[in-house]
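In: For reference, the sequence and a predicted model appear below.
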Number of protein chains: 2
Amino acid sequence: MRVDLPLSSTPRTRLGRLRERGRSDREELYAVLDAGMICHLGVVIDGAPVVLPTGYGRIGDTLYLHGSSANRSLLAAGGQQVCVTITLLDGLVCARSVFHHSMNYRSAVVLGAGRLVTGADERLAALRAVTQQLTPGRWDHVRPPTRKELAATAVVAVPLAEASVKVRTGPPSDDDEDYASPAWAGVLPAALVFGQPEPDPALSEAIPVPDHITGMAGRARADIRPAPAAPDRTS
Amino acid sequence: MRVDLPLSSTPRTRLGRLRERGRSDREELYAVLDAGMICHLGVVIDGAPVVLPTGYGRIGDTLYLHGSSANRSLLAAGGQQVCVTITLLDGLVCARSVFHHSMNYRSAVVLGAGRLVTGADERLAALRAVTQQLTPGRWDHVRPPTRKELAATAVVAVPLAEASVKVRTGPPSDDDEDYASPAWAGVLPAALVFGQPEPDPALSEAIPVPDHITGMAGRARADIRPAPAAPDRTS
């Protein structure tokens, strides 16, 4: 797949409404994926949908999810069509009518065939991407996985070939006649913010908080440099 | 359904692993649902899962979702088994090994048959619950929906009968031999925080920011009183 190609627009991802919010640009997709912390994985089990939150990472045009090798949804995902959705809430859009209330958000919906990753190198790179997605710099700070731990971990790959991105920004859009309303209208911004690190009570006081943690503390996720997920930075 | 009964545990919601994180108590479910802002709705369309983020509200033992009456996923949800998942990220759990990294979170997974709500009273109560879930006090501040707006809105009900709640709190849990590691370990707390309100540029300066907005500004969602979603408060 050529990275500079636009995302394919299929009947499933073509936006049936709110077309103005659809952005078929691949860079927009990367931006949403790289800014997220958690995805919601949808699979079909016994004919019914199951949606589970989990961590993820991106390497180039592949999304990687991981979890316990006993996780039924993750195992089911390796060999069926899945849907992976990432949603970032940016604000509550308060209009002058109930009807026009909305949210400012960025979301990505990725559709594709899940593939259970079995190659040792790809599995390790994927786990690194998942770890770095949440806490850039963490992977090199801690003990790498043992063979036994790797055996207890399932990794699923989903190609970034069929996807849609939706973004809403800005103030409410009200009906003309409602602009004379005495109601307050505007946006209440929202963001995921990190607090101050809480050391493990079992931690030696001689061990300082490392830069990769202090660099996130007290800051909004949106203000933190995306995890190094691009192919040229995962080697 | 008796509200004081525990949630039913079915093969789908019985937790196959990490049983200690499963809480079958209904109050725990209410607490997670009432604290959330966005749910992820999973449906099956043409045999494949589709997961979309949307607002929701709770009235007693019913979860209500709403959206455009042209929203294919929402319409599909009215008449099939659906999965509604709410996830709240509370912190990044940084262990001494890659393998034991985790997140502190609260999540609820609700499984059930979606029902397209057609009764006028129930639809209005549901829309009120959805609006109040995001911004308590907002419903009474703005213009209610017109008949035309109601016709453009789909409301789906999902019974809170089959569900699971998972909660993780506290510091990392490392392998015994890793406690001698020089790596920093602990929790980096995370929370959804509201900023300062941004008035609509078209808003008259004579209209002050109302209490229901100032009461949320600069505060974490977790510190804001849950929306009035219980049955005795929706009348």
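Out: Arrived safely, thanks for sending.

In: Kindly provide the whole-number mean pLDDT of stretch A:159-176.
Out: The predicted model gives stretch A:159-176 an average pLDDT of 94.

In: What residues of it count as buried?
Out: A:159-168, A:171-172, A:174 (16 or more other CB atoms under 10 Å in any protein chain shown). C-betas here are computed from N, CA, C, even on glycine.

In: hmm, stretch A:169-176 in reach of chain B?
Out: Yes - under the criterion of CB under 8 Å from any CB of the partner chain, stretch A:169-176 makes contact with chain B via A:171-172.

In: Centre of chain A to the edge, which residue is at the far end?
Out: Distance from the C-alpha centroid of chain A peaks at A:A180, with 39.7 Å (CA atoms, centre = their mean).

In: What values do phi and psi take at it?
Out: Per-residue torsions, A:A180: phi -90, psi 0 (degrees, to the nearest 10).

In: Return the list of helices and strands in contact with the longest helix along chain A.
Out: Criterion DSSP state H: the longest helix present in chain A is helix A:120-134. With contacts defined as 3 or more CB pairs under 8 Å, 6 or more residues apart in numbering or on different chains; DSSP states H and E, the packing partners of helix A:120-134 are strand A:56-59, strand A:62-68, helix A:147-151, strand A:153-159.

In: Run through who's touching that helix.
Out: Here helix A:120-134 makes contact (CB atoms under 8 Å, 6 or more residues apart in numbering or on different chains) with A:34, A:36-37, A:55-59, A:64-66, A:117, A:138-139, A:145, A:150, A:153, A:155, A:157, A:227-229, A:234, B:92, B:98, B:101, B:103.

In: rerun that using 7 Å as the cut-off
Out: A:37, A:55-59, A:64, A:66, A:117, A:138-139, A:145, A:150, A:153, A:155, A:227-229, A:234, B:92, B:98, B:101 (CB atoms under 7 Å, 6 or more residues apart in numbering or on different chains).

In: Also compute the angle for that helix relative to strand A:62-68, please.
Out: For helix A:120-134 against strand A:62-68, the angle by axes from the mean of the first three to the mean of the last three CA atoms, to 10 degrees is 90 degrees.

In: now helix A:120-134, how far from the centre of its chain.
Out: Put simply, helix A:120-134 sits 15 Å off its chain's centre (CA atoms, centre = their mean, to the nearest Å).

In: Now it: buried residues?
Out: Neighbour counts over helix A:120-134 (16+ other CB under 10 Å) mark A:122-134 as buried.

In: before we move on, what about stretch A:212-225?
Out: Within stretch A:212-225, the residues that qualify as buried are A:212-213, A:216, A:221, counting by 16+ other CB under 10 Å.

In: what's the offset of it from the middle of its chain?
Out: Here stretch A:212-225 is found 16 Å from its chain centre; the criterion is CA atoms, centre = their mean.

In: Spell out, range by range, the strands that occur in chain A.
Out: Secondary structure of chain A, counting by DSSP state E: strands at A:39-45, A:48-54, A:56-59, A:62-68, A:81-94, A:102-113, A:115-116, A:153-159, A:162-168, A:186-194, A:198-199.

In: circling back to that earlier point, closest one to B:P197 among the helices and strands packed on helix A:120-134?
Out: Checking the helices and strands packed on helix A:120-134 against B:P197 by CB to CB gives strand A:56-59 as the closest, at 32.6 Å.

In: elements contacting the closest one?
Out: In terms of contacts (3 or more CB pairs under 7 Å, 6 or more residues apart in numbering or on different chains; DSSP states H and E), strand A:56-59 is packed against strand A:62-68, helix A:120-134.

In: run the last query once more with 8 Å
Out: Partner elements for strand A:56-59 (3+ CB pairs under 8 Å, 6+ apart): helix A:26-35, strand A:62-68, helix A:120-134.

In: next one: the shortest one to chain centre, how far?
Out: Read that as strand A:62-68. 11 Å.

In: Pairing partners for that strand, with directions?
Out: Strand pairing for strand A:62-68, determined by DSSP bridges: strand A:56-59 (antiparallel), strand A:153-159 (antiparallel).

In: Format the ones you listed as TSV; extra columns: distance to A:P208.
Out: As requested, the strands paired with strand A:62-68 are exported to TSV (distance: least, CB to CB, whole Å):
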stretch	distance to A:P208
strand A:56-59	27
strand A:153-159	30
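
In: from the ones you listed, which stretch is densest packed?
Out: Most buried of those, by mean neighbour count (mean count of other CB atoms under 10 Å in any protein chain shown): strand A:56-59, with a mean of 25.

In: and B:P199, which of the helices and strands packed on strand A:56-59 is closest to it?
Out: Of all the helices and strands packed on strand A:56-59, helix A:26-35 comes closest under CB to CB, at 26.2 Å.
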